[in-house]
Structure formats: structure tokens, C-alpha cells
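>>> build me a model from this:
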Amino acid sequence: MRKNWKKFVAGMAACAMLAMSSIQPVFAAVDNGVSYPIESNNIANWPQMGNLYSEAAVLMDADTGAVICNKGMYEERYPASITKVMTTLLALENSQLTDQVTFTEEGLTRIAEGTNIDTRLGEVMTMEQCLNIVMMVSANEVAAQVAIQVAGSESAFAEMMNNRAAELGCKNTHFNNASGLPDENHYTSAYDMALIFSEALKNEEFRKIIENRTYTLPATNMHAEPRAYSTHLALVAEAAPEYYPDCIGGKTGVTTVALNTLVTAAERDGKTLVAVALRADAGQVCADSIAMYNYGFDNFTRIELNGGSVMVPNGVTEADLTTTQEGRGDQVVEHYYYGEKYVGTALQTAATPEPTKEPEETPESYDPEDEDDGTQISNPMLEHKGFAVTVGVLGGLIILGIILIFVKLLTRRRR
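Here you go, the predicted structure:
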């Protein structure tokens, strides 16, 4: 019987091991070559957006997260080097700009893969220098070394990237490296990338980095001469035909499978918009971004609310909106909708009910008409009662002391 029982347990364990070994991670399918319609054009009374070249794109209000233009914004695509936005954000959040970064063999394995700045083994730069190179030059070996500096390895850093993406509400993103090099398990969506870039814009140091149009890397312990670089982003290059004066910065990306990708931000009249364009030719992602910015700035108005704001089509007022409320601790989040379309949020402090006061005892001599003169009215009866109680307590203590002394004397005499 025991042998049969042992055989049964062993068989069940073997089946469990077999089942577990057959389980493989499930990753999203990236449907390259499939282009999507502009879904936001189907919203009632919503301004119509013209055609876009990119397979997937989005225009988002950076302050509220409200989507203004949606073209397949949840569809997965390979991001290429726009990945480095998350790399830079995480480095800024988890290191100091003055940190010394020493290049290792592990980091330099990326030097043969795409863009690099001829970094040498043992070369030392500051984190600030590294991040400027990552965002402007898109050097893959520098992105990899930044990841190693922050997390100990690039794979550990990729895990940090995925955790941070989840915190921001990304649902269709998985990072496998810090640079965006081709990997079938490294993908994002236009919407998720807009969330990440909007979060990065809240970081003052990130804004300083993307606002640079040129950058000079000083001489290092391995390079005697400074190295000068210029932006690859046409929307901020004044000599480029795609120059867009309102664009404050962004990141380009390109690989064979991803084609061109682009994430940027533009500001005008108190509005900050984020545009993402995925999988098109270089000129096309720029043209799409410009078209989305013109559409957003020309057709939408920002309305300031107490504790927030909304982005609505021109002519729409707060009275045209509906709201829902959500409690968050001692705050109330009020979500605003135009029809069924989310357009913004306001944050209010929840009203705290005042504690109920016990009614005060009214002294016999209190006259309500005397309330205005600000003087405190005394009650002789209450004062007399208080004095009597005090005298009584002191008298009792004295008598108790005398009794104790008397008992001690009696005890001594008996001895």
C-alpha cells in the first residue's frame, strides 16, 4: 500500500514538472505592416483629423493625459531608440548627475550594434554627460552602461523599466534592453510611449537635456579632445525643412523592423502636447507629428479648473461636460467628459466634517446680550464650590496622616 502511495505521489510530481516546463512567457504580437484608422474621428462633435502616414500614432495633452487624436494607439510596435526616453528618466530618478560612470566590457558589447561614440574600456564620464549623449546621439553602448550603473546589469535595468511602465499605466509595453535594439520581446504602443514621455516632462533635468540642440562632450581619460554633436531631431533643427518652432524636444528612433519612430512635445498658449508616431519613413513621422500639433493647437482649448484642467474642442464650455468622482484618501478626483470622451481631471480636497461640540454649561449669571463685550463672566457659586472641594480634600489628607501616626505609636508601646 505504501509503495503504491509513493508511486502515486511521484507520478503526480512528474506530471506537475512536465506541465510547468511547457509553460512559456506569452508576448504580444506586433503586426508590422498593418495601419489603423483614426478612431478619434468617430467621436460625435469631435474635430476631424486628416490622414496620417504612420501605422500607429497619438496626440495627448501632457497635463491631463487626455487623448486628442487616436490612430491605433494601443497597437504594439517596436520602439527602436525612443526606448531611451525611459532609460534617461529612470537614470535621473535613481542616480546623481555627478555620478562617475566607468565603461566596462559588458557595456561595450553594444558598441558594435548601431550608433556609438567610440567609447573605450575604462573611460569615465559623469552621468549627466552620459544622458546627454544617450538622448542626442543615441549611443547604444552609453545607454547600456547607464543601465549597468543604475541596476547592476542591463537585464535588471530592463525589469526596472517594466515596473516603472506599469506604474504609469502602460498596458502594451515590454522592455528587454536599455537602447531599443531589435528584440521580438521589446515593444510598446503609441499611447504607452506618450504616457512615459509625459511623465519624463515633469522632470526638470530631463527637460534641460531635451532642450539642448548641440552638446560638447569634454575630454575624458581616454579621449584627449572634446567631441561635439548636434541634434538628430528635425523638428528642433532650424535649418531643417521640418523645423517646428513650438517643439521643445523629443527622441528619434530607427531600425529595419521598426522603421522610423518619433516622440516629441510642443508648447503653445499654455498647452503642452505630446505626439507619438510609430513605423513610417523619416519624413513621414515628422510630417505626422506636425500635422497632429497643428490639429491640436488650432482646434482645442484648455480650460483651467479649480485643481485641474480640461482640453476640449473650441467652443465647448465647462457647462457642456459631465463628471464622475473618485475618492483617493483625503482627496476627490473629478473626471470630466465631453459626451463619453475623457477630457481632463480636477483634484479637490475632500471636505472634513467638523467635530460636534458638546454644548457648554450656561452659568446662572450668563447673559447672551453680554457676548459682544469680549469679557469672561465668572460664576461666584461655581467658584465657591471649587474652593470647598479643595479644602475638603486637604482636610481628609491631614486626618489620614494623624491616624497613621497614632497607629505607629500604639504598635511601639505593645513591643
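>>> can you give me the neighbour number for residue 338?
21 (other CB atoms under 10 Å). C-beta: built from backbone N, CA, C; applies to glycine.
>>> relative to residue 303, how far out is it?
Using CB to CB, to the nearest Å, residue 338 is found at 11 Å from residue 303.
>>> so what sits against both of the two?
Counting by CB atoms under 8 Å, 6 or more residues apart in numbering, the contacts common to residue 338 and residue 303 are residue 312.
>>> which residues in the stretch 201-350 of the chain form helices?
Secondary structure of the stretch 201-350 of the chain (DSSP state H, counting those that start in this stretch): helices at 204-210, 282-299.
>>> show me how far the first one is from its chain's centre.
Translated: helix 204-210. On the basis of CA atoms, centre = their mean, to the nearest Å, helix 204-210 sits 15 Å off its chain's mean C-alpha point.
>>> what is that helix packed up against?
For helix 204-210, the elements it packs on are helix 84-94, helix 127-136, strand 247-255, judged by 3 or more CB pairs under 8 Å, 6 or more residues apart in numbering; DSSP states H and E.
>>> residues touching it, excluding its own?
88-89, 92, 97, 131-132, 135, 200-201, 248-251, 265.
>>> mind listing what's buried in that helix?
206, 209, 210 (16 or more other CB atoms under 10 Å).
>>> which of these sits closest to residue 42?
Among those, residue 210 lies closest to residue 42 (CB to CB), at 33.3 Å.
>>> quick check, pLDDT for that closest one.
Note on residue 210: pLDDT of 98.
>>> quick one: it from residue 134, how far?
From residue 210 to residue 134 the distance is 11 Å (CB to CB).
>>> only whichever of the contacts of helix 204-210 are buried, select them in ChimeraX.
To isolate the buried subset of these in ChimeraX, counting by 16+ other CB under 10 Å, use the following:
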select :88,89,92,131,132,135,200,201,248,249,250,251,265
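>>> show me which of the contacts of helix 204-210 is closest to residue 348.
Checking those against residue 348 by CB to CB gives residue 201 as the nearest, at 24.3 Å.
>>> which phi and psi values does that closest one adopt?
Dihedral angles of residue 201 (phi, psi; degrees, to the nearest 10) stand at phi -60, psi -20.
>>> could you do residue 168 as well?
Backbone torsions of residue 168, given as degrees, to the nearest 10, read phi -80, psi -10.
>>> where exactly do the strands run in the stretch 201-350 of the chain?
Along the stretch 201-350 of the chain, counting by DSSP state E, counting those that start in this stretch, strands occupy 214-217, 227-230, 247-255, 259-268, 271-280, 300-305, 308-313, 322-328, 331-338, 341-349.
>>> residue 61: which of those strands is closest?
strand 308-313 (4.3 Å).
>>> quick one, that closest one and strand 341-349 angle?
Orientation check (axes from the mean of the first three to the mean of the last three CA atoms, to 10 degrees): strand 308-313 against strand 341-349 gives 160 degrees.
>>> partner strands of strand 308-313, with direction?
Using DSSP bridges, the strands paired with strand 308-313 are strand 300-305 (antiparallel), strand 341-349 (antiparallel).
>>> point out where this structure drops to low pLDDT.
Within the chain, the stretches with pLDDT under 70 are 1-28, 350-415.
>>> run the last query once more with 50
1-27, 359-389, 391, 414-415 (pLDDT under 50).
>>> what residues of stretch 267-277 count as buried?
Residues 271, 272, 273, 274, 275, 276, 277 are the ones in stretch 267-277 that count as buried (16+ other CB under 10 Å).
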